[in-house]
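Enquirer: What would the 3D arrangement of this be:
(chains A, B, C, D and E)
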Amino acid sequence: MKEKKCVGIIDTTFSRVDMGSIALKVLRDLLPDYMIIRHTVPGIKDLPGEARRLIDSGCDGIITLGWVGKKQVDKYSYIALSVGLVMLSVLTGKIIIDVTVHEDESDNEEELKKIAIERTKAHAENLAILLKEDGEGLVKKAGQGVRQGYENVGPL
Amino acid sequence: MKEKKCVGIIDTTFSRVDMGSIALKVLRDLLPDYMIIRHTVPGIKDLPGEARRLIDSGCDGIITLGWVGKKQVDKYSYIALSVGLVMLSVLTGKIIIDVTVHEDESDNEEELKKIAIERTKAHAENLAILLKEDGEGLVKKAGQGVRQGYENVGPL
Amino acid sequence: MKEKKCVGIIDTTFSRVDMGSIALKVLRDLLPDYMIIRHTVPGIKDLPGEARRLIDSGCDGIITLGWVGKKQVDKYSYIALSVGLVMLSVLTGKIIIDVTVHEDESDNEEELKKIAIERTKAHAENLAILLKEDGEGLVKKAGQGVRQGYENVGPL
Amino acid sequence: MKEKKCVGIIDTTFSRVDMGSIALKVLRDLLPDYMIIRHTVPGIKDLPGEARRLIDSGCDGIITLGWVGKKQVDKYSYIALSVGLVMLSVLTGKIIIDVTVHEDESDNEEELKKIAIERTKAHAENLAILLKEDGEGLVKKAGQGVRQGYENVGPL
Amino acid sequence: MKEKKCVGIIDTTFSRVDMGSIALKVLRDLLPDYMIIRHTVPGIKDLPGEARRLIDSGCDGIITLGWVGKKQVDKYSYIALSVGLVMLSVLTGKIIIDVTVHEDESDNEEELKKIAIERTKAHAENLAILLKEDGEGLVKKAGQGVRQGYENVGPL
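Expert: Sure thing, here's the model as predicted:
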């Protein structure tokens, strides 16, 4: 029945950068033999449920692309989002890459946009590696102080 | 046995705006062939259990309408509410739109009321789209900086 | 086998007001055909497990009566309590009314005692309504700014 | 197969007081017909998993004895510990008494040691009562402002 | 089918010290008859899912090696990580040692590196003891104020 492997992309209407399209482009390049499903939900607290639905429909891996506001309540929502996605990975064993950009990472809109784009690209690449090589594909980068959306800080 | 699709609305007696009636009006318009169940519970921590009961009784989607007080303890309750609803969506895969208004969003009572009304309407519309078009219905708004209850901030 | 409907009351030895006895009186009046079980545990983090045991022994609804200290660590315990009870309601679909009094709600001991008594009474009434009329019994009070232990603030 | 009732004690190497030995002495006195298993783990986040293993090996009740550092990160670990033990009690219905001493409860080492000893004794007694009399054994102390490791504050 | 006992090591590319290699060396020495699997994931929120996958593939014990940034959002991610791993241990009963180094533990890079190395070694030893002797192997160190990465503080 299931003809192709499948990967899911979920972003939000709350986000100020269309991160889903960026992830889509990267994953199409890196996972040419995967079916890619792209969905959008209103905000970050809607991501875990949608991820569950995409897993139920056959996805082997998921990338969620969240945008987190500046207020303390947004940070509490971030905790709920994070616990939800972590628990989904614990319950299903599926690879779920939980990407978030926090609106207070920069006051400069261009910089914030760049962070969102670079972080999305880098984590879409991570997802492709994990799907193709399991947890062994990233061992060569272990402890290297890799950052997504910023310069790598490198090892101590 | 199950003759109609069903959507559930749950609000609270704690809320200072009758958000349930607003959601009911929107969902009747947008989902004419759904049975709509409206329930009310005392406060936000009662929402996840009631949502579970409505799912058990056959609802395909739920909108919860919470009102969060100003005190730090109310914010901790907000974390519990949010984790509960996220976990319910993770465990069941059902569409659950978790709407909250925070009493400290505005000192102006009229403005606060307006936020509650507009946010409820906007998220009831989101629920209808998600129920009718799955996660594909909102892709066209991805990354658009959509806000509910405020002006949209737009994309960067 | 199960002859009567059952409701459970759980309070703590940590509390400075015997809230269990107050709930017992209200529920005996309002739910004359229910068996009522009253249990006591040491503190708030023991409430979710005891609630689970009462549900396992046949209770259809539970009221937990917690007393939360003034220190930040007590507030973290409050988060754990709240997540635990919310998850129990999500996992079982049972009606669980989670009542707490926070010792820092008032510096005046008489006032604090009054808050505890009134809040317990009001939520025992809520539990009875939810058990007898499901989530429909409180719809008439939706959005009315109802407070337990304080004056209602009313709708905006 | 299971010949004796069983109670489990779990403490940590992180703790600065050997609370496990204190609990062991109390429980041997109060539960002479129980098998008592005492285990030790590195720190508080290891307690819930060990509690699960002791429940799986047949324990009817558990007392965990945690020592929480002064730093904010220790408090976040406390949240994780607390959520874990609460969820274990919710999932299994077993009696789990979660005792913690916070290193910032006193600057005086002798006083801190005394708090740890007295709290452990008092909660080991609570566990014995709950195991022998269910939740009914503590009803007579409900609302009495009982504190473990400090003077009781009494009812209002 | 399963020929050897198995232990899993999971670290991150975010870390600034290659903690996985250190754990690998210790565990090879202490658990010569175990198969050891080493995997790497991007960041701390990816650890619980990978731990679940290694448990599913047959691992009897897991050590996760996380590096936590200085920002408040990193601390919230730490909560999600911790809750996820605690819940995984609660759900599976497997031994999971959750090691983290917080970048704000020291401003001195050499010191921070030393903390990471020593803590990893000490907890890899703990994991080996727990796997070989269950929870009994650490009883002799109970209450001894053991610290990993710092000098032990000793008992009171």
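Enquirer: so what's residue A:21 up against?
Expert: B:142, B:143 (C-beta atoms under 8 Å, 6 or more residues apart in numbering or on different chains). All C-beta spots, glycine's among them, are computed from the backbone N, C-alpha and C.
Enquirer: Please, which helix or strand holds it?
Expert: Residue A:21 is located in helix A:19-30, with elements delineated by DSSP states H and E.
Enquirer: Any buried residues in that helix, and which?
Expert: Neighbour counts over helix A:19-30 (16 or more other C-beta atoms under 10 Å in any protein chain shown) mark A:19, A:20, A:21, A:22, A:23, A:24, A:26, A:27, A:30 as buried.
Enquirer: Helix, strand or coil: sort out the residue lying closest to the first one once chain neighbours are set aside for me.
Expert: Going back to what we said before, that points to residue A:19. Spatial nearest neighbour of residue A:19, excluding adjacent residues (C-beta to C-beta, 6 or more residues apart in numbering or on different chains): residue A:65 at 4.0 Å. Three-state assignment for residue A:65 (DSSP: H, G, I helix; E, B strand; the rest coil): strand.
Enquirer: Hmm, residue A:65 is touching residue A:13, no?
Expert: No: using C-beta atoms under 8 Å, residue A:65 makes no contact with residue A:13, being 11.6 Å away.
Enquirer: Show me which of these two is the more surrounded one.
Expert: Higher neighbour count among residue A:65 and residue A:13: residue A:65, with 30 against 24, using other C-beta atoms under 10 Å in any protein chain shown.
Enquirer: List the contacts of the more buried one.
Expert: Counting by C-beta under 8 Å, 6+ apart, residue A:65 has contacts A:9, A:10, A:11, A:12, A:15, A:19, A:20, A:23, A:99, A:100, A:120.
Enquirer: ok, and the most crowded of these?
Expert: residue A:11 (32 neighbours).
Enquirer: and that residue, bridged to which residues?
Expert: Assessed by DSSP bridges, residue A:11 has beta-bridge partners residue A:40.
Enquirer: which residue sits closest to the residue of chain A at minimum distance from chain C, ignoring its sequence neighbours?
Expert: Per C-beta to the nearest C-beta, residue A:83 is where chain A lies closest to chain C, at 9.0 Å. Excluding its sequence neighbours, the residue lying closest to residue A:83 (C-beta to C-beta, 6+ apart) is residue E:80, at 5.0 Å.
Enquirer: Quick check: which element contains the one you found?
Expert: Going by DSSP H and E, residue E:80 is in helix E:72-92.
Enquirer: Any buried residues in that helix, and which?
Expert: Quick answer for helix E:72-92 (16+ other C-beta under 10 Å): E:73-92.
Enquirer: Isn't residue A:97 up against residue A:120?
Expert: No: contact criterion C-beta under 8 Å: residue A:97 and residue A:120 do not qualify, at 10.1 Å.
Enquirer: and the contacts of residue A:65 as TSV, adding distance to residue D:138 and pLDDT?
Expert: Converted to TSV, those look like this (distance: C-beta to C-beta, whole Å; pLDDT from 0 to 100):
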residue	distance to residue D:138	pLDDT
A:9	53	98
A:10	47	98
A:11	51	98
A:12	48	98
A:15	51	98
A:19	53	98
A:20	54	98
A:23	54	98
A:99	48	98
A:100	44	98
A:120	54	98
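Enquirer: Turn these into TSV, columns for distance to residue B:131.
Expert: Output for the contacts of residue A:65, formatted as TSV (distance: C-beta to C-beta, whole Å):
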residue	distance to residue B:131
A:9	21
A:10	17
A:11	19
A:12	18
A:15	22
A:19	24
A:20	21
A:23	25
A:99	26
A:100	26
A:120	28
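Enquirer: ok, of the residues you listed, which one's closest to chain D?
Expert: Nearest to chain D out of the contacts of residue A:65 is residue A:100 (C-beta to the nearest C-beta; 18.3 Å).
Enquirer: List the residues that contact the closest one.
Expert: Residue A:100 touches A:44, A:65, A:66, A:67, A:68, A:78, A:81, counting by C-beta under 8 Å, 6+ apart.
Enquirer: Farthest pair within those?
Expert: A:65 and A:78 (13.6 Å; C-beta to C-beta).
Enquirer: now the residue nearest to residue A:150 when sequence neighbours are not counted: how far from chain E?
Expert: The shortest distance from residue A:150 to any residue other than its chain neighbours is 7.2 Å, reached at residue A:115 (C-beta to C-beta, 6+ apart). Distance of residue A:115 to chain E, given as C-beta to the nearest C-beta, to the nearest Å: 13 Å.
Enquirer: circling back to that earlier point, relative orientation of the helix holding residue E:80 and helix A:72-92 in degrees?
Expert: Angle of helix E:72-92 versus helix A:72-92, following axes from the mean of the first three to the mean of the last three C-alpha atoms, to 10 degrees, is 30 degrees.
Enquirer: Show me what residue of chain A gets nearest to chain D.
Expert: For chain A, C-beta to the nearest C-beta, closest residue to chain D: residue A:83, 9.0 Å.
Enquirer: Output the contacts of residue A:100 in JSON lines; the columns should cover pLDDT.
Expert: Output for the contacts of residue A:100, formatted as JSON lines (pLDDT from 0 to 100):
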{"residue": "A:44", "pLDDT": "98"}
{"residue": "A:65", "pLDDT": "98"}
{"residue": "A:66", "pLDDT": "98"}
{"residue": "A:67", "pLDDT": "98"}
{"residue": "A:68", "pLDDT": "98"}
{"residue": "A:78", "pLDDT": "98"}
{"residue": "A:81", "pLDDT": "98"}
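Enquirer: Reformat those residues as JSON lines; add distance to residue C:38.
Expert: Below are these laid out as JSON lines (distance: C-beta to C-beta, whole Å):
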{"residue": "A:44", "distance to residue C:38": "41"}
{"residue": "A:65", "distance to residue C:38": "50"}
{"residue": "A:66", "distance to residue C:38": "45"}
{"residue": "A:67", "distance to residue C:38": "48"}
{"residue": "A:68", "distance to residue C:38": "44"}
{"residue": "A:78", "distance to residue C:38": "40"}
{"residue": "A:81", "distance to residue C:38": "39"}
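Enquirer: contacting residues for residue A:110?
Expert: Counting by C-beta under 8 Å, 6+ apart, residue A:110 has contacts residue B:156.
Enquirer: quick one: whichever strand or helix holds it to chain centroid distance?
Expert: According to DSSP H and E, residue A:110 maps onto helix A:109-133. Between the centre of helix A:109-133 and the centre of its chain there are 8 Å (C-alpha atoms, centre = their mean, to the nearest Å).
Enquirer: Check which residues of it are buried.
Expert: Of the residues in helix A:109-133, those buried (16+ other C-beta under 10 Å) are A:112-117, A:119-131.
Enquirer: shouldn't the residue nearest to residue A:83 be in contact with residue E:45?
Expert: Yes: look at residue E:80 against residue E:45 with C-beta under 8 Å: they come within range, at 5.8 Å.
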